[in-house]
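Peer 1: The sequence isn't on hand, but the structure is:
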């Protein structure tokens, strides 16, 4: 479904990604792990259209989308939940969700998706009229993911959902992702929490200093010596 | 849980907290002052305040919107007002002369509205042209120092428009005696001309429509979303260029509409936009930059200040007193009376 070929990208004169290639099939749950500053977020931003690639191809459902602005990639079915969440802080949860469904014209479809999202995160339902800026860290993450799936994407990319969350809340978020994947959604998850991530995903890519150094089924990656040494501390 | 308890707070507690906030105190104080002045001097104080206040609200609303959504401190806002009054003049005046020859009650009732609505569309069109021709290319080129650069651009636009108007139509006053040639109504012992009443009603209707648009429609929500988080707006699929053009069009259109509806007080001439521009800036500085709903309240506050000043002190002081009030206010509350919903420009 998504294919990234020899992607080079960065900010201004600073190049972050060097010949990154990855491939995601429909329905897969993929992990992209690596240390700080490896270029994980930049990879996601390039796919989402927030960063323009210097060279390389990004193919989504067979179409080249490199350099397409984010509002169009969203319409094509790519949803990106960024690390800083980018919520509309002066709007209620409900309004944030409605905006998440901006690309969906049908009113009834919007309401149905909101119901689905409220089932996934019941906590959001009880606070639907609260301003997003007054939510706790965990609730904000839930809201960001919820807003991300409001556009009914075929590919959901989530950047560091566990960042700054208590372990219990992290599990909640991962459970929600698991539920979504069982519903047939393709998910690309970026995480620093390597252990948990590799336990729930199908396949993984390890990114270091802007290059893919390892790839394979998550179970094998967990057994890999380099991963054990560098990320798991075993 | 603590915050759940907060949600269920009884209304009196919420109301008391609101009353003791800077915004609440100001609104109550304004109402009290208006009532005292009305008892002392006569109800015309309130009538005048409400009529001009509505128009100042329309003007400052647009200014605040453009600052909040596009981050542009617009010093060409007064020129939209000018374009509006010019449009209304050139639409309404021929109609007026024609009606003198061929009287028609129906046409003379709607002719002013024709001019005013046309002014809205001409203003909106000018707004879109400016956005597409000037701000959009600058945005693509560089967003460094955006606030300062766009500020300088708007000052330049203002100079160009003022001088083009002078070149084309000369510097003489282009005014009309009145829109609706009927006897003034008697309202609370005040002679209220139909023109003033219509201007006020028009402002109220426009404010309500605008409020509905911003709160209840998906496009209005998108405008607010862009103001709060541009990247977030892109991520949910909002077409930024469309929203920015729309914002500029709305802002310019509202200002032009205000100019058109006040043509019977403020005739059109090249620098007619300067006074409305200053007033709109008083208002948005007073209530806090980028705070759109507070700008509406601020419009009425500044109108009251001006009405009181011109009655008790003298018309020449009309700009002095509001400025002094703003200076004093800024010393005590630099973020504006209604706090800041918007981050400072330095933080963006």
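Peer 2: Done, it's in. This one's a predicted model, so the numbers in the text were calculated from it and none came from an experiment.
Peer 1: For residue A:205, give me the pLDDT.
Peer 2: You'll see residue A:205 listed with a pLDDT of 95.
Peer 1: Likewise for residue B:345?
Peer 2: Residue B:345 is given a pLDDT of 41.
Peer 1: Residue B:305 and residue B:320 touch, don't they?
Peer 2: No: Residue B:305 is beyond contact range of residue B:320, at 10.4 Å (criterion: Cβ atoms under 8 Å). Every residue, glycine included, has its C-beta placed from N, CA and C.
Peer 1: which one of the two has more residues nearby?
Peer 2: Neighbours were counted for residue B:305 and for residue B:320 using other Cβ atoms under 10 Å in any protein chain shown; residue B:305 has more, 22 against 12.
Peer 1: Which helix or strand contains that one?
Peer 2: helix B:292-312 (DSSP states H and E).
Peer 1: Tell me how far that helix lies from the chain's centre.
Peer 2: 12 Å (Cα atoms, centre = their mean, to the nearest Å).
Peer 1: Check chain A and tell me which residue is nearest its centre.
Peer 2: Taking Cα atoms, centre = their mean, the centroid of chain A lies closest to residue A:158, which sits 1.6 Å from it.
Peer 1: If you count contacts, what does the helix or strand harbouring it end up packed against?
Peer 2: Following DSSP H and E, one finds residue A:158 within strand A:155-159. On a contact count with 3 or more Cβ pairs under 8 Å, 6 or more residues apart in numbering or on different chains; DSSP states H and E, strand A:155-159 meets helix A:40-48, strand A:78-81, helix A:137-149, strand A:186-191.
Peer 1: any idea which of these is most buried?
Peer 2: strand A:78-81 (a mean of 27; mean count of other Cβ atoms under 10 Å in any protein chain shown).
Peer 1: about what we covered before: could I get the buried residue list for the helix holding residue B:305?
Peer 2: Across helix B:292-312, burial judged by 16 or more other Cβ atoms under 10 Å in any protein chain shown covers B:292-309, B:311.
Peer 1: rewinding a little: check the gap between the residue nearest to the centre of chain A and residue A:101 for me.
Peer 2: According to Cβ to Cβ, to the nearest Å, residue A:158 stands 18 Å off from residue A:101.
Peer 1: Likewise for residue B:119?
Peer 2: Residue B:119 sits 36 Å away from residue A:101, taking Cβ to Cβ as the criterion.
Peer 1: contacting residues for residue B:295?
Peer 2: B:57, B:60, B:61, B:63, B:64, B:283, B:284, B:287 (Cβ atoms under 8 Å, 6 or more residues apart in numbering or on different chains).
Peer 1: ranking these by neighbours, who comes first?
Peer 2: residue B:60 (32 neighbours).
Peer 1: Name the helix or strand for residue A:59, please.
Peer 2: According to DSSP H and E, residue A:59 maps onto strand A:55-60.
Peer 1: Walking through the chain, point out its strands one by one.
Peer 2: Going with chain A. A:2-11, A:14-24, A:29-33, A:55-60, A:63-64, A:78-81, A:155-159, A:186-191, A:203-208, A:211-217 (DSSP state E).
Peer 1: that's the wrong chain, I wanted chain B
Peer 2: B:185-187, B:190-192.
Peer 1: picking that back up, out of the helices and strands packed on strand A:155-159, which comes closest to residue B:139?
Peer 2: Nearest to residue B:139 among these is helix A:40-48 (19.5 Å), distances taken as Cβ to Cβ.
Peer 1: got the angle for the closest one vs strand A:155-159?
Peer 2: Counting by axes from the mean of the first three to the mean of the last three Cα atoms, to 10 degrees, helix A:40-48 lies at 150 degrees to strand A:155-159.
Peer 1: Check the model's average confidence along helix A:40-48 for me.
Peer 2: Computed over helix A:40-48, the mean pLDDT rounds to 94.
Peer 1: Against residue B:336, how distant is residue B:295?
Peer 2: Here the distance between residue B:295 and residue B:336 works out to 10 Å (Cβ to Cβ).
Peer 1: Could I get the pLDDT score of the closest residue to residue A:40 other than its chain neighbours?
Peer 2: Nearest in space to residue A:40, with sequence neighbours left out and distances taken as Cβ to Cβ, 6 or more residues apart in numbering or on different chains, is residue A:190 at 4.5 Å. Looking at residue A:190, its pLDDT reads 94.
Peer 1: Next, count neighbours for the residue nearest to residue A:59 when sequence neighbours are not counted.
Peer 2: Leaving aside its sequence neighbours, residue A:59 sits nearest to residue A:3 (Cβ to Cβ, 6+ apart; 4.4 Å). Neighbour count for residue A:3, taken as other Cβ under 10 Å: 15.
Peer 1: Now tell me what touches stretch B:103-116 from outside.
Peer 2: Here stretch B:103-116 makes contact (Cβ under 8 Å, 6+ apart) with B:87-89, B:91-92, B:95-96, B:99, B:179-181, B:195, B:198, B:202, B:257, B:260-261, B:263.
Peer 1: where's the closest residue to residue B:175 other than its chain neighbours relative to residue A:62, distance?
Peer 2: Of all residues not flanking residue B:175 in the chain, residue B:267 sits nearest, at 2.8 Å (Cβ to Cβ, 6+ apart). Separation of residue B:267 from residue A:62 (Cβ to Cβ): 63 Å.
Peer 1: Confirm for me that residue B:288 is in contact with residue B:334.
Peer 2: No: taking Cβ under 8 Å as the definition, residue B:288 is not a contact partner of residue B:334, at 9.6 Å.
Peer 1: Show me which of the two is the more surrounded one.
Peer 2: More crowded of residue B:288 and residue B:334, by other Cβ under 10 Å: residue B:288, with 23 against 10.
Peer 1: And the more buried one, how close does it get to chain A?
Peer 2: From residue B:288 across to chain A, the span is 13 Å (Cβ to the nearest Cβ, to the nearest Å).
Peer 1: list the contacts for the residue nearest to residue A:40?
Peer 2: A:31, A:32, A:33, A:40, A:41, A:43, A:44, A:157, A:158, A:159, A:160.
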